[in-house]
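Asks: here is a sequence together with a model predicted from it:
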Amino acid sequence: MNTKSHIQSIAIVLSGLLIICGWGSLQDNGDREEIMPSVEMQEAGLAACAYDQVSVKEEQTADESVMEVQQEIPAEENGLLEIYADGERISVSGDIMAAEVSPQEILTGSPVIYNRFRRDGWVFEWLISDYHDENLFFLEDGVLVISRESDREDVQIIHVKAEGGGGMWVSVENKFEYVDVNYDGILDFLICTGSHGNQGALTYYCFLQTENGFVESPTFTDIMNPAIDAENELILSQWRNSAASHSWAEFQYQDNAYVMHRELREEIWDAEENIWIWTVNGEVVGRSDELSAEEIEDLLYNENSEWEILGDRWQTLYNNGLMADYSIYDEP
């Protein structure tokens with residue numbers, strides 16, 4: 001199935017591993033406009049250095065020396081397992097893969113990250129490898145293997161390729177979500193791609209569960225810092241336009257895609273006079289020179305306001321305080 005998404009290069013993951021282990025340097029990503037969802041990086045290096053290499057055996061062939069690396073497999077905790085490359089590659093074998101498949105035969109490059117997530121009888125296995133094209137541009141190749149605890153032979157394989165971008169690592173405890181995001185009453189599967197850009201925006205791979213298996217939804221991956229509004233059947237998003245200006249948006253699931261329904265945006269109208277305006281889908285709904293701070297709070301921010309910007313409604317899936325932390329009493 002076609003699953004090409006906007007995501008980052010695994011080179012960032014490898015750079016993180018090299019930095020923390022003392023072998024390289026890290027490159028930073030650009031603005032929000034250049035954010036492309038991607039696999040994460042930071043804690044990978046810490047974990048990679050923590051796992052000990054169990055044994056190394058060198059086999060001399062007629063043409064070259066081959067290094068065989070055996071890794072210690074950490075214990076699975078609460079249905080979660082995460083393994084990082086502690087050498088040139090991860091040796092994916094029956095000891096690791098719950099499903100009896102060989103995803104490394106699907107991927108280009110060396111396997112460098114393996115995750116397992118178990119929930120409600122499902123086994124989700126996420127394997128990532130690195131490779132580069134003919135222009136030596138680092139890319140990422142991933143495969144999601146989905147099976148049932150009771151049936152390891154009935155397997156669904158979703159191949160994901162990505163390129164570009166940069167991200168910060170998200171550990172396995174915060175990487176997976178099993179939640180209904182299209183409000184059809186069936187739980188769906190999300191994989192956090194990491195936090196991206198200067199503002200640390202979070203994005204997620206999304207795989208919607210259907211009667212015929214799971215289907216990737218790239219339009220969900222385009223939503224930054226997603227929050228679940230089950231009461232109104234919306235997916236919420238928030239981001240920074242600048243160091244002080246923010247936007248909030250509501251997305252609806254329509255015709256197999258997530259579509260922006262409304263966008264609330266704050267903008268500077270007159271910098272010299274420090275006049276700010278708030279617009280909804282481009283139409284002005286409030287001005288700081290016409291409304292008091294209390295009136296603006298009642299219009300947009302308070303619990304009883306239409307948008308409830310300062311309420312729990314906008315709490316992200318990751319729940320890490322990415323919601324804008326400021327008051328309209330302060331200078332925006």
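Replies: Looks like it came in fine. Numbering: from 1, shown residues only.
Asks: what's the pLDDT at Leu139?
Replies: Leu139 is assigned a pLDDT of 61 by the prediction.
Asks: before we move on, what about Ala257?
Replies: Confidence score, pLDDT, at Ala257: 97.
Asks: list the contacts of it.
Replies: With contact set as Cβ atoms under 8 Å, 6 or more residues apart in numbering, Ala257 has these partners: 217, 219. Any C-beta I mention is one placed from the backbone N, CA and C, and that applies to glycine too.
Asks: how near is it to Thr221?
Replies: 12 Å (Cβ to Cβ, to the nearest Å).
Asks: now swap in Asp289 and tell me
Replies: Taking Cβ to Cβ, one finds Asp289 at 39 Å from Thr221.
Asks: which one of the two is surrounded by more residues?
Replies: Thr221 (23 against 11; other Cβ atoms under 10 Å).
Asks: my guess is that one contacts Thr203. True?
Replies: Yes - using Cβ atoms under 8 Å, Thr221 is in contact with Thr203, at 5.5 Å.
Asks: can you map out the helices along the stretch 101-250 of the chain?
Replies: Ranges of helices within the stretch 101-250 of the chain are 172-175, 218-221, based on DSSP state H, counting those that start in this stretch.
Asks: any idea which of the ones you listed is most buried?
Replies: With neighbours defined as mean count of other Cβ atoms under 10 Å, the helices of the stretch 101-250 of the chain peak in mean count at helix 218-221, which reaches a mean of 21.
Asks: and that helix, what does it pack against?
Replies: strand 201-210, strand 257-270 (3 or more Cβ pairs under 8 Å, 6 or more residues apart in numbering; DSSP states H and E).
Asks: can you list those in CSV and add distance to Ile277?
Replies: Formatted as CSV, those follow (distance: least, Cβ to Cβ, whole Å):
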stretch, distance to Ile277
strand 201-210, 24
strand 257-270, 5
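Asks: which one of the ones you listed lies closest to Arg118?
Replies: strand 201-210 (15.3 Å; Cβ to Cβ).
Asks: how about that closest one: buried residues?
Replies: 201-209 (16 or more other Cβ atoms under 10 Å).
Asks: alpha carbons of that strand, as PDB, please.
Replies: Extracted C-alpha coordinates of strand 201-210, given in PDB (Å, rounded to 0.1, in the frame of the first residue of the first chain):
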ATOM      1  CA  ALA A 201       6.300  20.600  17.400                       C
ATOM      2  CA  LEU A 202       5.100  17.000  17.800                       C
ATOM      3  CA  THR A 203       3.700  14.900  15.000                       C
ATOM      4  CA  TYR A 204       2.400  11.400  14.700                       C
ATOM      5  CA  TYR A 205       2.200   8.600  12.100                       C
ATOM      6  CA  CYS A 206      -1.400   7.500  12.100                       C
ATOM      7  CA  PHE A 207      -2.800   4.100  11.200                       C
ATOM      8  CA  LEU A 208      -6.600   3.900  11.200                       C
ATOM      9  CA  GLN A 209      -8.100   0.600  12.000                       C
ATOM     10  CA  THR A 210     -10.700  -0.800   9.600                       C
END
